[in-house]
Structure formats: C-alpha cells, structure tokens
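**Student:** Curious how this folds, go ahead:
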Amino acid sequence: MKLKEEQTLVLIKPDGVKRGLIGEIIKRVEQRGLKVIALRMFQATKEDLDKHYSDSEENLKAMGEKTLATYKKYGLDPEKEVGTDDPVKIGRMVHGWIVDFMTSGPIIKMVVQGLHAVEMVRKLVGNTMPSQAEMGTIRGDYSVDSAVLANAQKRGIRNLVHASGNLAEAEHEISLWFKSEEIHEYKRAEEDIMF
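**Tutor:** Here you go, the predicted model:
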C-alpha cells in the first residue's frame with residue numbers, strides 16, 4: 001500500500017451525533033488534508049459491536065485492568081464500586097456498558113484516506129480519555145468525560161469518536177463496517193501540491 005493511500009476507520013459515536021458535531025469532526029479531518037472516501041449514518045446492533053469490540057478473555061482482562069488502575073488512582077474500592085476485583089468480570093461489565101452506549105443512537109461511520117491517515121486522525125481526535133486530551137483536539141475541545149465518572153455511572157466513556165489505533169486495526173475495522181463497493185476513490189484538488 002502506498003503511503004498516500006493509507007486508510008483508517010472513524011466512527012462518530014452517538015454522543016457526537018446527538019451533540020451536532022458531525023460537520024465539525026468531518027471539517028477537521030478535511031482541513032488536515034485527509035479525504036473521506038466512505039460515509040454512512042446507521043444504527044449499530046449488539047452483534048455489530050461484538051465484532052468491533054472484542055469480548056475475548058484477553059481483551060476483557062485488559063479493560064478490567066484499566067478500570068482497576070483507575071480505581072486505584074482515585075482510591076476507590078472495586079468491590080464497593082462494581083462488586084468484584086476480578087479484571088475479567090470487570091472487563092465484561094465495561095464491555096456491556098460500551099455496547100449499550102454505542103447502540104443508544106445513530107453512529108456515523110467513515111473511511112478516511114491520506115498520508116499517514118491513521119496517525120493523523122489519532123492526533124486530531126486526541127487522548128481516549130477526554131479529560132486528558134489536549135485542547136485543540138476533538139476530544140479536548142468537546143468532551144470532559146473521564147473513566148472514573150463513567151465507571152461510577154456504569155456507562156461507556158462519552159468520547160465522541162473512535163479512530164483505528166494502527167494500520168492493521170484500521171484494515172480489519174474497515175472490512176467489518178464497509179463493503180469494498182462502498183469505498184470510493186477520488187483526487188482532492190490540492191493533492192499534487194500538498195504531497
């Protein structure tokens with residue numbers, strides 16, 4: 001794959017849609033010199049999200065360990081908060097909260113293409129935890145949610161967007177959410193000048 005043709009998946013989550021940030025998010029992607037080559041609004045199902053967010057024991061354990069680290073950081077007792085300190089059980093709860101959140105309203109799914117698209121989009125969206133995201137990023141400018149608040153309210157983190165973490169993840173996620181005929185090629189007017 002040529003660098004100019006690197007692709008990544010972006011999902012505008014239900015909170016981004018409900019807050020009217022679709023245009024702002026797309027605007028920031030396009031201003032960066034990236035192009036949207038597939039775009040669709042849809043209502044995700046639990047089955048869709050189980051494919052996207054792995055519920056393997058390894059992934060559940062990793063989610064549970066992140067939650068336990070958050071509880072430790074804030075001096076919270078996981079037994080009091082969620083009734084267990086088992087990372088897999090906690091991960092299963094967190095997975096359920098994420099699925100509930102992601103099915104709570106429509107989502108925008110899009111494929112973004114361009115030079116270093118995965119890395120550029122990750123920079124645009126900012127840290128997964130909005131409370132830690134830099135100002136100037138999408139999450140830093142439009143969300144203040146945190147893991148401790150989300151966990152206390154037993155819900156997914158409201159962080160507006162999902163962006164693939166690396167090229168392999170992007171390829172896998174694009175194949176989950178789009179058929180090849182839904183992805184379009186075109187040339188932006190400034191491509192010859194920019195790169």
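**Student:** Only C-alpha atoms from now on, for both contacts and neighbour counts.
**Tutor:** Fine.
**Student:** looking just at contacts, which helices and strands does the host helix or strand of residue 168 meet?
**Tutor:** Under the criterion of DSSP states H and E, residue 168 resides in helix 167-177. When contacts are defined as 3 or more CA pairs under 8 Å, 6 or more residues apart in numbering; DSSP states H and E, helix 167-177 sits against strand 7-12, helix 46-52.
**Student:** Format those as CSV; extra columns: distance to residue 75.
**Tutor:** Listed next are these as CSV, based on distance: least, CA to CA, whole Å:
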stretch, distance to residue 75
strand 7-12, 33
helix 46-52, 31
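**Student:** follow-up on the earlier one: only the buried residues of the helix holding residue 168, if you could.
**Tutor:** Buried residues in helix 167-177, defined by neighbour count with 16 or more other CA atoms under 10 Å: 167, 170, 173-174, 177.
**Student:** Quick one: mean pLDDT for that helix?
**Tutor:** The pLDDT scores in helix 167-177 average 96.
**Student:** mind listing what the closest residue to residue 90 other than its chain neighbours touches?
**Tutor:** Leaving aside its sequence neighbours, residue 90 sits nearest to residue 64 (CA to CA, 6 or more residues apart in numbering; 4.8 Å). The contact partners of residue 64, by CA atoms under 8 Å, 6 or more residues apart in numbering, come to 86-92, 94.
**Student:** Return the distance of residue 64 relative to residue 58.
**Tutor:** For residue 64, the distance to residue 58 equals 10 Å [CA to CA, to the nearest Å].
**Student:** follow-up on the earlier one: with pLDDT, neighbour count and secondary structure as added columns, please give the contacts of residue 64 in CSV.
**Tutor:** Output for the contacts of residue 64, formatted as CSV (pLDDT from 0 to 100; neighbours: other CA atoms under 10 Å; DSSP: H, G, I helix; E, B strand; the rest coil):
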residue, pLDDT, neighbour count, secondary structure
86, 96, 14, coil
87, 95, 20, helix
88, 96, 21, helix
89, 95, 18, helix
90, 95, 24, helix
91, 94, 25, helix
92, 95, 19, helix
94, 94, 22, helix
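**Student:** give me the beta-bridge partners of the residue nearest in space to the middle of the chain?
**Tutor:** The centre of the chain sits closest to residue 162, judged by CA atoms, centre = their mean, with a distance of 1.4 Å. Per DSSP bridges, the residues bridged to residue 162 are residue 11.
**Student:** Which residues are in contact with it?
**Tutor:** 9-13.
**Student:** Out of the helices and strands packed on helix 167-177, which gets nearest to residue 69?
**Tutor:** Checking these against residue 69 by CA to CA gives helix 46-52 as the closest, at 23.9 Å.
**Student:** Can you name the element that comes right after the closest one?
**Tutor:** Next along the chain after helix 46-52, taking DSSP H and E as the criterion, comes helix 57-73.
**Student:** list the buried ones in that next one?
**Tutor:** Quick answer for helix 57-73 (16+ other CA under 10 Å): 59-68, 70-71.
**Student:** ok, now stretch 125-139?
**Tutor:** For stretch 125-139, the neighbour count (16+ other CA under 10 Å) marks 125-131, 133-134, 137-139 as buried.
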